[in-house]
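Student: Next one to model:
(chains A and B)
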Amino acid sequence: MIEKIFELLVTDVGKLFLIFFQVILFSFILLLISLEKHRENKKEINYLFYAIIISTISRIILFYIESRNFLLSTSFDRFDTIVLLNNCIDTFALILLVKSFLIPTFRDKNLLPKIHINIKLNMVLLSISFFSIYFLQSYFFHSNILINNIFSFTIFALWKITILMMGIILISKPKFKFKYIIINAMGFLIISNLINLYNHLFINNPIPGLNVIDLLFSSISYPLFGLIIYLGVNEKITKNMQVLQSVNKELRDMDLKKDIYASRLKDEKKKIEAIIDSMSEGVIVTDYEDNILLFNPAAQKVFDNKNNVLGTNLSNFIKRHNLNKVFEEAYKTGQPITKEINLPLSEKILKANVSVLKNQSEKAIGFVTVLEDITKLKELDEMKSEFISIVSHELRTPLTSIKGYASLLSNGKLGQLEDKQKQCLDIINTESDRLTNLINDVLDLSKMESGKMQLKREMVHIKEIYDKLIIHNLAKDKNIKIKPNFQKRLPKIYAEPEKILQVFTNLISNAIKFTPENGTIFVNVERVHDYVVVDIIDTGIGMPKKDLNNIFNKFYQVEKHMTRKQGGTGLGLAIVKEIINLHSGLLTANSKEDEGSKFSFAIPIVQYLKIPPIKCWETKHCKNSKCIQNGAIDLKCWLKFKTSCDSTTDIKKKIEVCKDCQIYTRNLPRQKRTKKLIKK
Amino acid sequence: MKKTILIADDEPNIINLIKLSLPSEYDIIEAKDGQEALDVISNKKPDLILLDVMMPKKNGYEVCKLLKAHDETKDIIIAMLSAKKEDQDIMTGLEIGADAYITKPFEPLELERRVQELLAMLE
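Tutor: Down below sits the predicted model:
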């Protein structure tokens, strides 16, 4: 059967078929290369493997023929045809090999940083030359034996060089594990090549059996290469597997973490929900289209609502409950709004705080409404006011009798009195006056503290208020000089004249009280920024520092002074504090024992302060240690802090005010301020 | 002709104090509460009423309102005399037609002066 095939192949038709077969094979393989370029690595690596296997088969066929010729000393007459067939197979193998070089395994840039492009180019050139050589060799096979030999040698040499190159590349790979095998394989191949070279150079004088050794060696080397490639690929796959496994593990870890986070989130959500649910204030969260997103039990209670309102529109609900105005205002200003709302249906009074709900990028996405049922508070407040009003009325009635009868007696209307009797009656009179003042003060204070005091503010000259002061008699009694010093061209202040007069009265009469006879009291008035600042400086007995922070408290007594003995109500400074506070002003006290005290207050000159007022009446300290005014409790110094500090340039960062007050911390634009100051 | 002054107050001590404060040239009549004040007025129309606000039965405001609403009594001078001295109270008193609002406690001499002033309005 085989004999017949050989016979058929020897004919011209057979040769042409083989040539044709080779061309088809080339085309087919080139097509495969172009098509499969982007396929998975693993498949492409296989080409290399196939190339080696096929090549090995071809070697084995040759080895079989050569060894048979040698051992039996016979010439196989169809040898040429077999060589041709062998070459066909070799070509196929070689092309597969070339193709394998185009795959990523050997294109790994990390392993072959620079050679890589050259190899690729070389392989392409190699395959082109192979193609042409094989074609020519097949064509001229019988016509020219010399050409045949040269071609044959070139083919074998190139084929082996290619494999050698591959081996070198593999050895040069630092991570390649199978260097030992490849060195062996290359050794066999080199020997086989040297023999081959000899055979072709001395074709007319061959050494018998040398061919056999050549083929034996190459037959051994090829499978070794195959083995390397197989192992290499395997290693690659293992590596890939490891990578995949680690990725998988990471994914699993992530999954696990995700679960943990999810459960934590759930817990947090539950916690927050529990907090919101247990709040005594009603909380309603709505989106921008007024759909209710949250409606806690307290809100349900406030509205006496038993239906589930989640997801429904709030608009009907608000209209019914008078909430829409608050929402509109909050929507317009973007600021939290607090308003009292009367619920017409349930006669409840609610304090509603509506603020705009913002997401992380500060975009408004809805509203948060916090509702507090202040019905009871309001009732209590009413009761308190009523109580105070009744008490004060009840106190005044007997007081009217005491004061009235004492006055009648001391007037002498009911008969002449002795001096001592008159003295006693005068004391009753003074003390009942004091009691009356105390009641008035308590009432005033309670009104101011509860925020019920509405100021009747107007633009007024502070000098006009001061001129109405009628406590000079007190000063005359002790021969105390009061020296007013008003800055020229003072602007009007925005204040209620009567209340400011009360401040003057209280502070100056205090100063008179604590100034020894023949002393002096200075009243300095000047403008500082948006305020008119009044300093009332006495040359009195002063007070220790520890008292300074408390003197504005109700009924506080400075031990040294024994205020009560001096005839005060103990509420004067507390009232001053409240009045100044109502005016968005500032108030400070400074004192040195045995040298005197200095009370300062500042009243704004404009209706709307650009900088929010500092609601503070306590001692103020500059926090900057560099500031020479550090620790100063001078009001003017503090007013200057609001815009700039005189003594240092880097003070402007913070304004810190005592714990009882609103705390403003803000950065002031430095340059603008400085310019303004220069202008002034 | 002697001027008649009605003192309406639930506190006898205060009534007494007012009586002592005012000179004897006035004819003084008394009432212990709002209703009594109205009854007294129906018998004898006074020239001036010193009217307390916080009184039983009818308070000072109500009495003042009623008197100022009737043609026969609206020319009586009414001075509210009260321990309530909030701006609000004073405003209310004057709004309903009181001619003066005197706050307690008062200085007897001051009361006498105010009464004289108010009665001078009649002449």
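Student: Lowest mean pLDDT among the helices and strands of the chain, which one is it?
Tutor: With no chain named, the answer covers chain A. Ranked by mean pLDDT, DSSP states H and E, the weakest helix or strand in chain A is helix A:670-679, scoring a mean of 41.
Student: Chain B was what I was after
Tutor: Min over SSEs of chain B, mean pLDDT, DSSP H and E: helix B:87-95 (a mean of 82).
Student: Show me what secondary structure element comes after that one.
Tutor: Remark: after helix B:87-95, the chain's next helix or strand is strand B:100-103, criterion DSSP states H and E.
Student: List the contacts of the following helix or strand past that following strand.
Tutor: Using DSSP H and E, the helix or strand that follows strand B:100-103 in sequence is helix B:108-120. With contact meaning C-beta atoms under 8 Å, 6 or more residues apart in numbering or on different chains, helix B:108-120 is reached by A:404, A:407-408, A:411, A:413, B:3, B:5, B:17-18, B:20-23, B:26, B:47-48, B:50, B:77, B:79, B:99-100, B:102. Just so you know, the C-beta spots here come from the backbone N, C-alpha and C atoms, and that holds for glycine as well.
Student: The same query, at a cut-off of 7 Å, please.
Tutor: Helix B:108-120 has contacts (C-beta atoms under 7 Å, 6 or more residues apart in numbering or on different chains) with A:404, A:407-408, A:411, B:3, B:18, B:21-23, B:47-48, B:77, B:79, B:99-100, B:102.
Student: do stretch A:412-430 as well
Tutor: A:402-403, A:406-410.
Student: please redo it, this time with the cut-off set to 8 Å
Tutor: If you take C-beta under 8 Å, 6+ apart as the criterion, stretch A:412-430 is touched by A:402-403, A:406-410, A:567, B:20-21, B:108.
Student: Also stretch A:489-507?
Tutor: In contact with stretch A:489-507 (C-beta under 8 Å, 6+ apart) are residues A:455-466, A:468-469, A:471, A:525-527, A:532, A:534, A:536, A:572-573, A:575-576, A:579-580, A:582-583, A:599, A:601, A:603-607.
Student: Can you list the low-confidence ranges for chain B?
Tutor: Low-confidence segments of chain B (pLDDT under 70): none present.
Student: now the helices for it?
Tutor: Assignment of helices within chain B using DSSP state H yields the ranges B:12-21, B:34-43, B:60-69, B:87-95, B:108-120.
Student: Pull the most distant pair out of the contacts of stretch A:412-430.
Tutor: Maximum pairwise distance in these, criterion C-beta to C-beta, is 28.2 Å, between A:Gly567 and B:Leu20.
Student: ok, how many other residues are close to the closest residue to A:Pro297 other than its chain neighbours?
Tutor: Spatial nearest neighbour of A:Pro297, chain neighbours left out: A:Asp277 (5.6 Å); criterion: C-beta to C-beta, 6 or more residues apart in numbering or on different chains. Per other C-beta atoms under 10 Å in any protein chain shown, the neighbour tally for A:Asp277 reads 12.
Student: Report the mean confidence score over the helix or strand where A:Asp277 lies.
Tutor: Assessed by DSSP H and E, A:Asp277 sits inside helix A:210-278. The average pLDDT within helix A:210-278 is 76.
Student: and what of stretch A:289-308?
Tutor: 80.
Student: Quick one: end-to-end distance for that stretch.
Tutor: One end of stretch A:289-308 sits 18 Å from the other (C-alpha to C-alpha, to the nearest Å).
Student: And for stretch A:587-602?
Tutor: 6 Å.
Student: Kindly report the same for stretch A:513-533.
Tutor: Termini of stretch A:513-533 sit 22 Å apart (C-alpha to C-alpha).
Student: If you count neighbours, what's buried in that stretch?
Tutor: A:513-515, A:519, A:521-525, A:527-533 (16 or more other C-beta atoms under 10 Å in any protein chain shown).
Student: Please identify which of those is nearest to chain B.
Tutor: A:Lys513 (24.0 Å; C-beta to the nearest C-beta).
Student: could you measure the closest one against A:Asn506, distance?
Tutor: Using C-beta to C-beta, to the nearest Å, A:Lys513 is found at 11 Å from A:Asn506.
Student: near chain A, which residues of chain B?
Tutor: B:11, B:13-14, B:17, B:20-21, B:54, B:83-86, B:104-109 (C-beta under 8 Å from any C-beta of the partner chain).
Student: following the helix holding A:Asp277, which helix or strand comes up?
Tutor: Using DSSP H and E, the next helix or strand after helix A:210-278 towards the C-terminus is strand A:282-287.
Student: helices or strands up against the following helix or strand past that following strand?
Tutor: Next along the chain after strand A:282-287, taking DSSP H and E as the criterion, comes strand A:292-295. Applying 3 or more C-beta pairs under 8 Å, 6 or more residues apart in numbering or on different chains; DSSP states H and E, one finds that strand A:292-295 contacts strand A:282-287.
Student: quick one: contacts for the spatially most central residue of chain B?
Tutor: The structure's chain B has its C-alpha centroid closest to B:Leu50; by C-alpha atoms, centre = their mean the separation is 1.6 Å. Listed by C-beta under 8 Å, 6+ apart, the contact set of B:Leu50 reads B:5-9, B:18, B:79, B:81, B:102, B:115.
Student: Dig out what it forms beta bridges with.
Tutor: B:Leu50 forms beta bridges with B:Ile7, B:Ala79, as assigned by DSSP bridges.
Student: Residue of the stretch 201-350 of chain A closest to chain B, please.
Tutor: Closest point on the stretch 201-350 of chain A to chain B, by C-beta to the nearest C-beta, is A:Glu340, at 20.0 Å.
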